[in-house]
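Novice: here you go, sequence then predicted model.
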Amino acid sequence: MERPIITVFFADIPDPRVERTRRHDLVDIIVISVLAVVCGANHWSEMVDFAETRKDWLRSFLRLPSGIPGVDTFRRVFAALDVGAFNRAFIEWTQSLTDTVKGKLVAIDGKTLRGSYTTSEKNDARHMVSAWVSENHIVFGQLATEAKSNEITAIPKLVKMLDLAGKRTKGKSGMDKVDALNKLIFDELKFEREVRDESIKFMLLPYVLEHKKGSCLGLAALYLVLAERAGLEVRGIMVPRHLFLRHKQRNIELLRKGAAMPDEWYTMTWQVPEGASAYLRMLTEQELMAVFDFNLANARRMKGEYQKAEEGYRQVIADIPDFAEAHANLGLVLQLQKKFKPAMEAYLEAQALYPGLPGLKQNMNALRTDMGLPVDDAGMLDGQ
């Protein structure tokens with residue numbers, strides 16, 4: 001059986017498992033996961049579904065000695081995998097694609113991201129290709145293709161920037177790497193902030209790469225990708241309506257070209273409520289991804305996709321239970337769907353977490369009116 005090029009690049013990654021537990025070949029697990037994500041999988045179960053429906057095709061170039069790996073196998077392997085080795089193999093593979101197909105990607109099914117349509121035509125939607133999977137589903141790079149032409153513009157840009165990040169930070173210490181990345185992104189490559197336009201496009205990495213402009217979330221996605229390449233540990237930190245990054249004790253304010261703003265500045269500028277536990281702490285990877293998901297849910301709510309938005313907010317709350325805005329926005333979409341009692345419950349949870357949350361009192365009063373309760377009622381439901 002001739003091994004295709006993708007298996008060659010991932011074949012030398014060290015296997016973290018003890019030999020007696022190796023029912024599935026490591027290269028099979030990795031290749032299936034990469035191909036599944038390329039075709040739109042977001043979760044381990046979706047990788048399994050992808051492989052099960054394409055089993056005959058996969059057997060044409062993978063051994064699959066024990067069939068298709070299960071959800072637990074994918075999760076355990078990626079939790080223990082050598083991230084650096086995978087990173088290098090992935091970059092080499094994407095570089096080979098760029099060289100081989102000269103900017104064209106053939107026979108790849110794109111995942112259309114809801115909310116990414118232009119103002120006019122549906123066929124202008126961008127197809128997103130996620131190029132990284134980790135234990136917490138963090139996206140290492142998002143690559144865009146035009147719906148009609150399939151011309152990949154983001155792959156060469158991303159690969160070039162990864163190469164530059166490696167070169168500019170080579171041999172430097174942590175804080176010096178931060179300075180080097182700031183200089184590369186904001187001075188050399190001249191990426192800019194976008195604070196007036198709140199549309200979702202400025203949060204998406206392909207758009208940020210194309211236009212060199214992004215929101216705090218879009219610039220954070222770019223910074224995290226390059227920091228990963230540079231071997232720099234960077235974490236996200238949330239304040240109301242804003243996200244910034246931190247390396248050790250140094251804050252990285254992306255709307256100010258990576259300036260090291262003190263915590264007190266965030267408390268005053270973004271009106272961080274005292275005692276709110278979701279803010280001014282370093283987020284886990286899963287929580288950071290939930291912040292991106294929160295904004296995607298907001299976009300769906302603005303488009304009138306209330307059920308999808310509800311699902312999104314519920315997942316965000318599962319990942320960040322003390323995120324008051326997620327509870328409040330869940331209450332709003334429930335109210336818009338006339339699910340009044342669970343809407344009030346969500347509002348009350350938001351109120352308990354952040355009593356002064358802007359707009360919350362107004363929404364609760366509107367809901368009380370919808371429920372036939374007096375506006376000055378304390379928000380208690382019948383029977384409470």
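Specialist: Yes, it's here. These numbers were taken from a predicted model, which means no experiment stands behind them.
Novice: residues touching Ile13, list them.
Specialist: Going by CB atoms under 8 Å, 6 or more residues apart in numbering, Ile13 touches 26-27, 30, 81-82, 85-86, 89. Heads up, the C-betas are built off the backbone N, CA and C, glycines and all.
Novice: did I read that right, it in a strand?
Specialist: No. Assessed with DSSP: H, G, I helix; E, B strand; the rest coil, Ile13 is coil; it does not lie in a strand.
Novice: for the residue nearest to it when sequence neighbours are not counted, what are its contacts?
Specialist: Once flanking residues are discounted, Ile13 sits nearest to Ala85: 4.7 Å by CB to CB, 6 or more residues apart in numbering. Residues counted as contacts of Ala85 (CB under 8 Å, 6+ apart) are 12-14.
Novice: in which helix or strand would I find Ala85?
Specialist: Element membership of Ala85 [criterion: DSSP states H and E] is helix 83-101.
Novice: quick revisit: out of the contacts of Ala85, who's nearest Val375?
Specialist: Among the contacts of Ala85, Ile13 lies closest to Val375 (CB to CB), at 61.5 Å.
Novice: ok, now how distant is that closest one from Val71?
Specialist: Going from Ile13 to Val71 by CB to CB, to the nearest Å gives 21 Å.
Novice: same question, Arg246
Specialist: In terms of CB to CB, Arg246 sits 33 Å off from Val71.
Novice: looking at the two, which has the bigger crowd around it?
Specialist: Shown here are Arg246 and Val71; by other CB atoms under 10 Å, Arg246 has more neighbours (21 against 14).
Novice: ok, the strand or helix carrying that one: who's next to it in the sheet?
Specialist: Element membership for Arg246, per DSSP H and E: strand 242-247. The strands beside strand 242-247 in its sheet (DSSP bridges) come out as strand 235-239 (antiparallel), strand 250-252 (antiparallel).
Novice: then the first one to CSV, C-alphas only?
Specialist: This file holds the C-alpha atoms of strand 235-239, laid out as CSV (Å, rounded to 0.1, in the frame of the first residue of the first chain):
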residue,chain,number,x,y,z
ARG,A,235,-2.9,33.0,28.4
GLY,A,236,-6.1,35.0,27.8
ILE,A,237,-7.7,37.2,30.4
MET,A,238,-11.3,38.5,30.2
VAL,A,239,-12.8,41.7,31.5
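Novice: what's the offset of that strand from the middle of its chain?
Specialist: Put simply, strand 235-239 sits 14 Å off its chain's centre (CA atoms, centre = their mean, to the nearest Å).
Novice: how near is the closest residue in space to Ala326 that isn't next to it in sequence to Lys167?
Specialist: Nearest non-adjacent residue to Ala326, counting by CB to CB, 6+ apart: Val316, 4.5 Å away. Separation of Val316 from Lys167 (CB to CB): 37 Å.
Novice: could you give the mean pLDDT of stretch 302-317?
Specialist: Stretch 302-317 shows a mean pLDDT of 94.
Novice: hmm, I was thinking of stretch 234-251
Specialist: Mean pLDDT, stretch 234-251: 95.
Novice: which parts of that stretch are buried?
Specialist: Residues of stretch 234-251 classed as buried under the neighbour-count rule (16 or more other CB atoms under 10 Å) are 234-240, 242-247, 251.
Novice: neighbours of Glu19, how many?
Specialist: Residues near Glu19, counting by other CB under 10 Å, number 6.
Novice: quick one, strands of the stretch 51-200 of the chain?
Specialist: Taking DSSP state E, counting those that start in this stretch, the strands of the stretch 51-200 of the chain run over residues 111-112, 126-130, 142-146, 192-193.
Novice: what about the residue nearest to Ile13, distance to Ile30?
Specialist: 10 Å.
Novice: and for Glu52?
Specialist: Going from Glu52 to Ile30 by CB to CB gives 17 Å.
Novice: who has more neighbours out of Val316 and Lys167?
Specialist: Comparing Val316 with Lys167 by other CB under 10 Å, the one with more neighbours is Val316, at 26 against 11.
Novice: my guess is that one meets Phe294, correct?
Specialist: Yes. Applying CB atoms under 8 Å, one finds Val316 in contact with Phe294, separated by 4.7 Å.
Novice: now do the shared contacts for the two.
Specialist: 323, 326.
Novice: excluding sequence neighbours, find me the nearest residue to Phe340.
Specialist: Nearest to Phe340 is Met371, by CB to CB, 6+ apart, at 5.1 Å.
Novice: now do His24
Specialist: Leaving out its chain neighbours, the residue that sits closest to His24 by CB to CB, 6+ apart is Pro69, at 4.6 Å.
Novice: can you pull the pLDDT of that neighbour?
Specialist: Note on Pro69: pLDDT of 95.
Novice: what separation do you get for it and Thr169?
Specialist: Using CB to CB, Pro69 is found at 35 Å from Thr169.
Novice: what's the answer for His242, then?
Specialist: Distance of His242 to Thr169, computed by CB to CB: 26 Å.
Novice: cool, Tyr223 as well?
Specialist: According to CB to CB, Tyr223 and Thr169 sit 12 Å apart.
Novice: overlap in contacts, those two.
Specialist: Taking CB under 8 Å, 6+ apart as the criterion, Tyr223 and Thr169 both touch Leu181.
Novice: contact partners of the helix or strand harbouring the residue nearest to Ala326?
Specialist: Using DSSP H and E, Val316 falls within helix 306-319. Outside of helix 306-319, the residues within contact range by CB under 8 Å, 6+ apart are 114, 286-287, 289-291, 293-294, 296-298, 300-301, 323, 326-327, 329-330, 333-334, 336-337.
Novice: only the buried members of the residues you listed: can you turn that into a ChimeraX selection?
Specialist: ChimeraX command restricting the contacts of helix 306-319 to the buried ones, with burial defined by 16+ other CB under 10 Å:
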select :287,289,290,291,293,294,296,297,298,300,301,323,326,327,329,330,333,334
